[in-house]
Structures are given as C-alpha cells and as structure tokens.
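Enquirer: just a sequence and a predicted model for now, questions to come.
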Amino acid sequence: MPGGRLTQQERQQIALGLADGLAYAEIARRLDRPTSTITREVLRNGGPTAYRADLAHRATERRAHRRRQAAPRGPGVPGQTHGRDAEAVREYEETFTTLLMQQGLPKMTSRVLVSLYTTDAGSLTASELVQHLQVSPASISKAVTFLEGQGLIRRERDEGRRERYVADDDVWYQGMIAAARSHAQLAETARHGVSLLGPDTPAATRLENIARFVDFVGESMIRAAEQARDVLHTKTATTSGGTAEPPSDH
C-alpha cells in the first residue's frame, strides 16, 4: 500500500469515483490507499457532493505551505515530545478529526477536541490552540463554547490566571450524562405530543414509542457511565497506589 501524500492524478480518480457513486472503501481499494485517507481527503475538501480534484490539490499545497511557515513553533505551544514523528502525529490528528466529523461534530470543533485529546499537558489555552491550529481566536472561542455546552470540555484557571480548556476522563462522564438529559427532554416532549394528539391515535402511538425508546436508552447510558467511571477510577487507584477493592456489581 503506497504512502505519502495523494497525487493530483489520485485526486482525479477520487472525483471520478464519487461521481460514479462509489463508496470510500471502493475508491480506496482501487487506489491501494487506506479508506481513512480517502474519507479524510473528501470531507476536508467539500464533501462527496462538492469535491473537486483541482481545488483539493491546491488547498493541500496551501496547507503544506502554511505549515512550513508556521514552523518552528512559538515557546507557548506544546511541541512533540518523547521522540515522536511530528508528521505522523499530524496525520493521526487529521484522521481523528475526520472520525469526529463523521459523527456529526463541526470541523473546527473536532480539531479543537482532538488537539486537547492529544496534548501531554492535558489542557491548552486559547492562544496555544490558535497557534497550533493556525486559526483565528474567534474560531477557537466558538468551538470551545460548543464543546463546553455539550459537556465535552471544562474550563479552569492555571497559576498565571490564564483560562485553560481541559478534556479529561471525568469530562466524558459529564458529557454522557448531558446526552442522557437530552434524551429525557426528547421523551418529555414526545409525551406532550401524546396528550395533545390523543392517546388512541396512530401519531400518539408513534410518539409514545419514541418516548419509551429514548427513556430506555437514556437510563442505560446513565447506568453504563456510572459503572465505567467506577471501574476506571478503581483501576487508576490500583495502578498508582497498590491494591484496590474490586467494584461492586450494579
């Protein structure tokens, strides 16, 4: 399987494959490339309906030029440590970003979240994110506001009173609980429709089934999140401080 960047000819083949309605996996097979490479390429360049090979190629060249201009990093931006391959890390961040975009997160929001996940410090300031991602402060602010609203990150102050954004293990728990609350609101709204439309109507039956389904999913999410947090905290305590009592069954 070839490595390196996509060529202009390969991008033309991607465009032709999309026009023929081929799946990403089939295009990747024909080019002998990983499916993730094709997925990332298409999503970051307009999506399957707007992808153009020439524009995608020029955009990639511009991004590479900006990265060369941005190096070396400023003193306030966490660099790569432990002998990591900076290019491999960048490719991983792009793959992770593409995955989050496929799951519905906006592109900039995904980039910010991946940056937080992959930094050794465990947190970043707004200025560090601006420099790392080479975007405007307004873009970072908008993404951070969205992520905080979803319970996926939290804010804290460091010793210099700078605001830092953190995505730690407990944030995942809080995010799952926030999602469960959203399910509960959906169930409540559906049941309001049941009383409004009449309990014996087909529409009301449909809404009641929606409410019952999301109730069950939401309650299951809360139970799973609490169990996972108990297990993870127990493992952490065992690793850092000797033995720990096994968690009780729920």
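Expert: Received the coordinates, thanks.

Enquirer: got the buried residues for the strand or helix carrying residue 173?
Expert: With secondary structure defined by DSSP states H and E, residue 173 is part of helix 169-197. Using 16 or more other CB atoms under 10 Å as the test for burial, helix 169-197 gives 171-177, 179-180, 183-184, 186-187, 190-191, 194, 197. C-beta: built from backbone N, CA, C; applies to glycine.

Enquirer: what's the pLDDT at residue 63?
Expert: According to the prediction, residue 63 has pLDDT 69.

Enquirer: what do you get for residue 48?
Expert: The model reports residue 48 with a pLDDT of 86.

Enquirer: quick one: secondary structure of it?
Expert: The three-state label for residue 48, taken from DSSP: H, G, I helix; E, B strand; the rest coil, comes out as coil.

Enquirer: dihedrals phi and psi, it?
Expert: For residue 48, the backbone dihedrals (degrees, to the nearest 10) come out as phi -60, psi -30.

Enquirer: ok, it to residue 98 distance?
Expert: 13 Å (CB to CB, to the nearest Å).

Enquirer: what do you get for residue 173?
Expert: Remark: distance between residue 173 and residue 98 (CB to CB) = 25 Å.

Enquirer: check residue 83 too.
Expert: The separation that residue 83 has from residue 98, given CB to CB, amounts to 26 Å.

Enquirer: between these two, which has more neighbouring residues?
Expert: Counted by other CB atoms under 10 Å, residue 83 and residue 98 do not tie: residue 98 has more neighbours, with 21 against 5.

Enquirer: these two touch, right, that one and residue 36?
Expert: Yes - with contacts counted by CB atoms under 8 Å, residue 98 reaches residue 36, the gap being 6.9 Å.

Enquirer: show the pLDDT at residue 69.
Expert: As predicted, residue 69 sits at a pLDDT of 59.

Enquirer: sorry, slip of the keys, the one I care about is residue 136.
Expert: Among the per-residue scores, residue 136 shows a pLDDT of 92.

Enquirer: next one: residue 241
Expert: For residue 241, the model assigns a pLDDT of 53.

Enquirer: cool, residue 79 as well?
Expert: Residue 79 carries a pLDDT value of 48.

Enquirer: can you check the one 10 residues further on too?
Expert: Per-residue confidence for residue 89 comes out at a pLDDT of 85.

Enquirer: what angle separates the helix ranked longest in the chain from helix 169-197?
Expert: Within the chain, and with DSSP state H defining each element, the longest helix by residue count is helix 202-241. For helix 202-241 against helix 169-197, the angle between stretch directions is 170 degrees (axes from the mean of the first three to the mean of the last three CA atoms, to 10 degrees).
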